[in-house]
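S.K.: build me a model:
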Amino acid sequence: MVAIAGVRPRSIAEKLGVRAGDYLLTVNRIVPRDYIHYRYLIAEEKLKLRIRNSDGKTRFFSVEKAYDTDLGLIFSSDCFDGIRRCQNKCIFCFVDQLPKGLRPSLYEKDDDYRLSFLHGNFITLTNLRPQDITRIITFHLSPLYVSVHATDPSIRGQMLGKKHPQAVLEQLQTLVEGGITVHTQVVLCPGINDGPVLEKTIRDLSLLWPGVRSLGIVPVGLTKFRKNLPLLRSFTRPECVQLIRKVAGYRKGFRKKFGCSFVYLSDEFYLRAGIPFPPGLFYDGYPQLENGIGMARLFYDQFREFLPKLPSRLKRYRRFLVVTGYAGARVLAPVVARLNLIRNLDLKLVAVPNTFFGLRVNVTGLLTGKDLLWGLRGVEGEELLLPAVLLRKGTSMFLDGVTVGEIAARLKCKVRVIEPTASALVAEVTGTRIDEIGNYETKEG
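M.R.: Numbers count the residues shown, from 1 in each chain. The predicted structure follows:
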């Protein structure tokens with residue numbers, strides 16, 4: 001029995017009279033176990049649905065449709081039989097570093113291959129059963145996103161908090177031979193899985209290319225809430241420089257051998273090292289953009305495409321405070337400086353420190369509402385531009401439960417939330433609508 005959270009307008013389900021709060025019982029007499037299974041079941045031209053109303057009455061429907069037509073049902077979860085929780089005890093787990101009092105959903109640790117396929121969540125494969133691998137291959141649930149961390153079994157076990165984790169290379173080999181594309185990641189911890197251990201990981205995973213399509217390397221994130229947790233530290237600037245040089249050597253070899261870089265470093269490494277980001281070509285279509293890899297380069301390249309089209313002046317005066325974290329400020333600084341050359345446009349870049357999680361956390365997406373309330377004191381009457389990455393997807397709520405409305409009310413200012421893209425920033429500050437890159441339509445009268 002699957003709870004129906006909503007019904008899309010003008011859909012088959014709406015015409016049948018299905019409502020939010022009803023329950024889907026069966027499709028062609030089969031109980032769907034998850035959204036993937038549901039999509040498979042409804043990919044037929046003739047369906048028999050059994051649905052229970054919120055008042056307990058069961059109804060039966062016969063539906064004829066094109067096989068690829070959706071029913072219009074919306075579910076609150078993709079895993080109808082429950083999300084598989086993480087059973088590892090990773091030494092770097094960010095959830096373990098959260099303080100009490102945040103939204104309950106933030107403390108949930110998922111390790112579910114279905115969410116990896118549907119949403120790009122990284123999984124460890126440590127809870128995969130043989131029948132799961134069979135299902136992944138049979139349904140071609142590709143691509144998947146896998147946290148490897150190290151191919152050395154003992155090091156991987158140490159990082160995952162497991163004495164004898166499954167042999168990840170064997171699991172990846174099976175998936176790749178079954179036609180599954182895999183994107184992998186390493187959360188790099190100084191003195192544990194870097195150096196020779198990382199080099200072995202890179203070499204081992206590259207042997208599975210093109211099935212293993214990419215390897216993203218991100219630095220361990222450390223908050224101030226690490227009491228009774230394993231002792232870890234952040235990377236120093238010299239270590240970041242050395243890592244970038246080492247990976248550049250591998251990248252050069254892979255581009256000759258594979259025609260792609262294969263291994264990619266997160267933007268944070270370049271910012272810490274003070275080294276320019278690689279050209280966009282080296283990101284090969286940005287396979288791990290959501291992992292913070294290549295976001296800055298993509299932003300710069302998109303902004304560069306706008307430069308010839310930027311107006312020399314605006315028809316009326318516009319002023320905004322562009323709010324970001326410390327890392328984001330370093331990326332945005334040259335862009336804001338260029339936009340400020342436009343007459344009648346006044347932008348002020350404001351870097352807000354992360355006092356909630358600790359000053360070692362400088363990525364914009366982890367700023368909380370309380371950070372903004374503290375860091376933006378005295379902005380009464382200003383107009384703020386906030387990146388949407390600060391908010392829970394589909395809501396106006398920050399990590400700590402503070403809302404955009406509360407920020408506006410307590411700071412006594414206007415707040416606009418924009419996507420973290422060059423096009424969104426340019427459109428908002430210049431008062432233009434951008435249907436596609438390089439195509440402007442003015443909104444000013």
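S.K.: tell me how this structure divides into domains.
M.R.: Domain ranges of the chain: 2-75, 95-293, 302-442, per automatic domain parsing.
S.K.: want to throw those domains into TSV with distance to Gly82, mean neighbour count and mean pLDDT?
M.R.: In short, each C-beta sits where N, CA and C put it, glycine included. Converted to TSV, the domains of the chain look like this (distance: least, Cβ to Cβ, whole Å; neighbours: other Cβ atoms under 10 Å; pLDDT from 0 to 100):
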stretch	distance to Gly82	mean neighbour count	mean pLDDT
domain 2-75	9	15	95
domain 95-293	9	17	96
domain 302-442	21	17	89
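S.K.: quick one: the ones you listed as JSON lines, columns for distance to Asp81 too.
M.R.: Converted to JSON lines, these look like this (distance: least, Cβ to Cβ, whole Å):
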{"stretch": "domain 2-75", "distance to Asp81": "5"}
{"stretch": "domain 95-293", "distance to Asp81": "10"}
{"stretch": "domain 302-442", "distance to Asp81": "23"}
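S.K.: for the ones you listed, which one sits closest to Lys89?
M.R.: domain 95-293 (2.9 Å; Cβ to Cβ).
S.K.: in which helix or strand would I find the residue nearest to Ile123 when sequence neighbours are not counted?
M.R.: Among residues not flanking Ile123 along the chain, Ser116 sits closest, at 4.6 Å (Cβ to Cβ, 6 or more residues apart in numbering). Secondary structure from DSSP states H and E places Ser116 in helix 113-119.
S.K.: ok, Ala333 next?
M.R.: Using DSSP H and E, Ala333 falls in helix 326-339.
S.K.: restrict that helix to CA atoms and write it as CSV.
M.R.: Extracted in CSV, the C-alpha atoms of helix 326-339 (Å, rounded to 0.1, in the frame of the first residue of the first chain):
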residue,chain,number,x,y,z
TYR,A,326,33.7,32.3,2.1
ALA,A,327,34.4,29.8,-0.7
GLY,A,328,31.6,31.2,-2.9
ALA,A,329,32.9,34.8,-2.3
ARG,A,330,36.3,33.9,-3.8
VAL,A,331,34.5,32.5,-6.9
LEU,A,332,32.1,35.4,-7.3
ALA,A,333,34.5,38.3,-6.6
PRO,A,334,35.7,38.8,-10.2
VAL,A,335,32.1,38.3,-11.6
VAL,A,336,30.7,40.9,-9.2
ALA,A,337,33.6,43.3,-10.1
ARG,A,338,32.8,43.0,-13.8
LEU,A,339,29.0,43.5,-13.2
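S.K.: show me what the helix or strand just after that helix packs onto, helices and strands only.
M.R.: Heading C-terminal from helix 326-339, the first helix or strand you meet, by DSSP H and E, is strand 343-351. Secondary structure elements in contact with strand 343-351, counted by 3 or more Cβ pairs under 8 Å, 6 or more residues apart in numbering; DSSP states H and E, are strand 313-324, helix 326-339, helix 422-430.
S.K.: ok, residues contacting the helix or strand following strand 343-351?
M.R.: Following strand 343-351 in sequence order, the next helix or strand is helix 369-375 (DSSP H and E). By Cβ atoms under 8 Å, 6 or more residues apart in numbering, the residues outside helix 369-375 that reach it are 323, 350, 352-356, 386, 398-403, 406-407, 410-411.
S.K.: direction included, what does the next helix-or-strand element following helix 369-375 pair up with?
M.R.: Using DSSP H and E, the next helix or strand after helix 369-375 towards the C-terminus is strand 383-387. The strands beside strand 383-387 in its sheet (DSSP bridges) come out as strand 313-324 (parallel), strand 414-418 (parallel).
S.K.: compute the first-to-last residue distance for stretch 209-225.
M.R.: Distance between the two ends of stretch 209-225: 38 Å, counting by Cα to Cα, to the nearest Å.
S.K.: also stretch 300-314?
M.R.: End-to-end for stretch 300-314, by Cα to Cα: 22 Å.
S.K.: next: stretch 25-39.
M.R.: So stretch 25-39: terminal residues 15 Å apart, Cα to Cα.
S.K.: ok, back up a step: nearest to Ile83, of the domains of the chain?
M.R.: It's domain 95-293; of the domains of the chain, that one is closest to Ile83 (Cβ to Cβ) at 5.1 Å.
S.K.: go through the strands paired with strand 383-387 and name the closest to Gly120.
M.R.: strand 414-418 (22.4 Å).
S.K.: quick check, central residue of this structure?
M.R.: Glu290 (4.0 Å; Cα atoms, centre = their mean).
S.K.: what's the angle from the helix holding Ala333 to helix 422-430?
M.R.: 60 degrees (axes from the mean of the first three to the mean of the last three Cα atoms, to 10 degrees).
S.K.: for helix 326-339, name the packing helices and strands.
M.R.: Partner elements for helix 326-339 (3+ Cβ pairs under 8 Å, 6+ apart): helix 267-273, helix 295-306, strand 313-324, strand 343-351, helix 422-430.
S.K.: next, the residue of the chain positioned farthest from its centre: phi, psi?
M.R.: For the chain, the residue at maximal distance from the C-alpha centroid (Cα atoms, centre = their mean) is Lys57, at 40.3 Å. With angles defined as degrees, to the nearest 10, Lys57 sits at phi -80, psi 130.
S.K.: same check, this time on Gly195
M.R.: phi 60, psi -140.
S.K.: what segments of the stretch 51-200 of the chain are helices?
M.R.: For the stretch 51-200 of the chain, the helices defined by DSSP state H, counting those that start in this stretch occupy 113-119, 130-138, 153-160, 168-177, 195-206.
S.K.: contacts for the first one?
M.R.: The one in question is helix 113-119. Helix 113-119 is contacted from outside by 34-36, 78-79, 83-84, 121-123, 125, 128, 132, 136, 141-146, using Cβ under 8 Å, 6+ apart.
S.K.: apply 10 Å and report the result again.
M.R.: 33-37, 39, 77-79, 81, 83-84, 110, 112, 121-123, 125, 127-128, 132-133, 135-136, 139-147, 175, 180, 182-183, 290 (Cβ atoms under 10 Å, 6 or more residues apart in numbering).
S.K.: from those residues, which land in strands?
M.R.: 122-123, 144-147, 182-183 (DSSP state E).
S.K.: what's the closest of those residues to Ala422?
M.R.: Among these, and counting by Cβ to Cβ, the member closest to Ala422 is His183, at 24.5 Å.
S.K.: so the nearest residue in space to Ser266 that is not next to it in sequence, which of the three states?
M.R.: Closest residue to Ser266 apart from its sequence neighbours, by Cβ to Cβ, 6+ apart: Val218 at 4.2 Å. Under DSSP: H, G, I helix; E, B strand; the rest coil, Val218 falls in the strand class.
S.K.: wait, Val218 sits on Asn291?
M.R.: Yes - with contact defined as Cβ atoms under 10 Å, Val218 counts as touching Asn291 (6.2 Å).
S.K.: anything in contact with each of those two?
M.R.: Counting by Cβ under 10 Å, 6+ apart, the residues touching both Val218 and Asn291 are 185, 264, 266-267.
S.K.: how near is the closest residue in space to Ala43 that isn't next to it in sequence to Glu419?
M.R.: Excluding the flanking residues, the one nearest Ala43 by Cβ to Cβ, 6+ apart is Tyr67, at 5.3 Å. Taking Cβ to Cβ, to the nearest Å as the criterion, Tyr67 is separated from Glu419 by 34 Å.
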